[in-house]
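Asks: here you go, sequence then predicted model.
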Amino acid sequence: MSDDLHPGRATGVGQGLHRSGFACLVGRPNAGKSTLTNALVGQKVAITSGRPQTTRHTIRGIVHRPDAQLILVDTPGLHRPRTLLGERLNELVRDTLSEVDIIAFCLPADQKVGPGDRYIAAQLAQLMSGRRAVPVVAVVTKADLVERGALLEHLLSVQELAHAVDREWADIVPVSAQDGYQVDELQDVLVSHLPEGPELYPGGELTDEPEAVMVAELVREAALEGVRDELPHSLAVVVEEIVEREGSGDPAKGRPPLLDVRVNLFVERESQKAIVIGRGGSRLRAVGSEARRGIEALLGSRVYLDLHVKVAKDWQRDPKQLRRLGF
Ligand SMILES: Nc1nc2c(ncn2[C@@H]2O[C@H](COP(=O)(O)OP(=O)(O)OP(=O)(O)O)[C@@H](O)[C@H]2O)c(=O)[nH]1
């Protein structure tokens, strides 16, 4: 492939620079996103569980290398909305996409650029400009299925797709997840668009403690009850610790120990904090007892639940913050 398709590549390899961040693969159904994710991640990933990390970001894999950590997150497929639900879903997709550092738009080499691709390109065009513009790399997948001439033609029509929405792809990379053609190249290209930063998942591992995840989910549900419209996606729940209070249980008498469960709720604004806490703390107390019942049932133990509400400004926009918040 001619190198002018890969302008401005700089992975920082050998420069002692470490990059980290989030990437998202989009594309119409069957474009080869899952297969490519697996090929990119290869054997280098260690995910202890396939459980979604949150309802909004499912981590599909981590590319863990000495010079970079690339976290691949999933979104529901971008598609043309036919229903209101579809529109809402697409809003959610756009929210997620606006938080990543780089988007890879997958277009299969064996299929002509079609209306579905044009729809996605138009959606991406919005994200590619504005306050926090996200670069988009066009990835021509399944390159093994077509001859070189046809591939070149396809690359041109993919480039044209960007021009039609008045944008440029940050790169165009043909790959084959099947035979490994250019998969490492693509990895380098994606990494080159990440900001400088430390490992977000030390050792490339997702520590997945199912109990903590479920406890967080129970608190989140209780906290959103009745105020979902006011706190759409602005609430993040982090379980700080679950510890047994010393000397609290008595196995001889069949008395279970008391667990101290400390949980932080993060919102974006003071006004949201006020909503969560309620007048004189009344709402937070109700949230606490509701969640505590669920947690006691879940853990089979008595629970002392300690909830703290904190303001973390614009946490949704900042991937590093998201990581800190357990996303
Ligand atoms: N020949 C060839 N086939 C591929 C390649 N990548 C994916 N496929 C095939 O294309 C089909 C779709 O691949 P997926 O990875 O499931 O596509 P997807 O985009 O994740 O699909 P959705 O989950 O529907 O969005 C599967 O049958 C794959 O085996 C490739 O590089 N070469």
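Replies: It's in.

Asks: low-scoring stretches of the protein, by residue?
Replies: 1-15, 43-60, 74-96, 202-210, 232, 314-327 (pLDDT under 70).

Asks: within range of the ligand, give me the residues from it.
Replies: Within reach of the ligand by CB under 6 Å from any ligand atom, the chain has these residues: 27, 29-35, 77, 141-142, 144-145, 176-178. Where C-beta positions appear, they are placed from N, C-alpha and C, glycine not excepted.

Asks: how does this structure divide into domains?
Replies: 3-205, 209-324 (automatic domain parsing).

Asks: was I right about Leu145 contacting Ala109?
Replies: Yes - Leu145 lies in contact with Ala109 (CB atoms under 8 Å); the separation is 5.9 Å.

Asks: who has more neighbours, the two?
Replies: Per other CB atoms under 10 Å, whichever of Leu145 and Ala109 has more neighbours is Ala109, with 22 against 15.

Asks: Arg148 is in contact with that one, correct?
Replies: No - here Ala109 does not reach Arg148: they are 10.6 Å apart, not a contact under CB under 8 Å.

Asks: how many neighbouring residues does Arg148 have?
Replies: Using other CB under 10 Å: Arg148 sits among 10 other residues.

Asks: is whatever residue of the stretch 101-250 of the chain ends up closest to the ligand in a helix, a strand, or coil?
Replies: Sorted by distance to the ligand under CB to the nearest ligand atom, the residues of the stretch 101-250 of the chain start with Gln178, at 3.4 Å. Three-state call for Gln178 (DSSP: H, G, I helix; E, B strand; the rest coil): coil.

Asks: could you measure from it over to Pro108?
Replies: Using CB to CB, to the nearest Å, Gln178 is found at 12 Å from Pro108.

Asks: now list whatever residues contact both of the two.
Replies: Listed as contacting both Gln178 and Pro108 by CB atoms under 8 Å, 6 or more residues apart in numbering are Lys142.

Asks: more crowded one of the two?
Replies: Pro108 (21 against 16).

Asks: ok, what's across the strand from that one?
Replies: With DSSP bridges applied, Pro108 shows beta-bridge pairing to Thr141.

Asks: wait, it touches Asp144, no?
Replies: No - if you go by CB under 8 Å, Pro108 and Asp144 don't touch, sitting 11.0 Å apart.

Asks: tell me the contacts of Val41?
Replies: 60-63, 72.

Asks: go on, Gly288?
Replies: Contacts of Gly288 (CB under 8 Å, 6+ apart): 222, 305, 307.

Asks: those residues in strands, which ones?
Replies: 305, 307 (DSSP state E).

Asks: how near is the closest residue to Gly249 other than its chain neighbours to the ligand?
Replies: Excluding the flanking residues, the one nearest Gly249 by CB to CB, 6 or more residues apart in numbering is Pro257, at 3.1 Å. Noted for Pro257: a distance of 45 Å to the ligand, by CB to the nearest ligand atom, to the nearest Å.
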